[in-house]
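Got a predicted model here, sequence first, then my questions.
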Amino acid sequence: MGWEDLIWRISDEKIGLLPEPPRTQGGHRVYEDTHTKTLRFIRRSRELGFPIEDIRSLLSMVDGGQGCEAVKAIALRQAKTMRSKIDDLQRMRRLLMDTAAQCAGGGTPDCPIIDVLFDAPPSHAITSAR
């Protein structure tokens, strides 16, 4: 097991997403295929940006045998969140590109990029990350 795997294991066990594996008499964890499968599910869910609570809900739906409707609702909500983040990033990129185009470069002390950083209202993406 590499360091990355160790970090994931510790993190997922602490937040309660990964079931506690059985232990040997010596206290060593014994991972079964279900643990590996669940860890893969958690990793992929995190890569897709799902919040911990949604991952917990999705895992409970798998265990509870619930239908696809509730899973679909969570996935669509996450897709909407992703779309919003993409829109925010595109707006921020346009602002930077437009401002950089106004910058003459060189050694002048007046820089439109610095001015925008001081004067622009915070974007939703920046304020929501706090």
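Ah, there it is.

show me where this protein has helices.
If DSSP state H is used as the criterion, the helices of the chain fall at 3-14, 33-47, 52-64, 68-102, 112-119, 124-128.

Tell me which residues of the longest one come out buried.
If I follow you right, that is helix 68-102. Neighbour counts over helix 68-102 (16 or more other Cβ atoms under 10 Å) mark 74, 78, 99 as buried. The C-beta positions use only the backbone N, C-alpha and C, and glycine is treated the same way.

okay but the last one is in contact with V116, surely?
Yes. Applying Cβ atoms under 8 Å as the test, T99 and V116 come out as touching, 4.8 Å apart.

Nearest spatial neighbour of L59, chain-adjacent residues omitted?
Distances taken as Cβ to Cβ, 6 or more residues apart in numbering place L17 nearest to L59, at 6.6 Å, with adjacent residues excluded.

contacting residues for the one you found?
38, 42, 52, 55-56, 59 (Cβ atoms under 8 Å, 6 or more residues apart in numbering).

if you set the cut-off to 10 Å instead, what comes out?
Shown in contact with L17 (Cβ atoms under 10 Å, 6 or more residues apart in numbering): 11, 38-39, 41-42, 45-46, 52, 55-56, 58-59.

Please verify my assumption that T99 contacts F118.
No. Look at T99 against F118 with Cβ atoms under 10 Å: they stay out of range, at 11.8 Å.

quick revisit: distance to T24 and mean pLDDT added to the helices of the chain, as JSON lines?
As requested, these are exported to JSON lines (distance: least, Cβ to Cβ, whole Å; pLDDT from 0 to 100):
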{"stretch": "helix 3-14", "distance to T24": "16", "mean pLDDT": "56"}
{"stretch": "helix 33-47", "distance to T24": "15", "mean pLDDT": "87"}
{"stretch": "helix 52-64", "distance to T24": "25", "mean pLDDT": "89"}
{"stretch": "helix 68-102", "distance to T24": "36", "mean pLDDT": "95"}
{"stretch": "helix 112-119", "distance to T24": "56", "mean pLDDT": "87"}
{"stretch": "helix 124-128", "distance to T24": "45", "mean pLDDT": "49"}
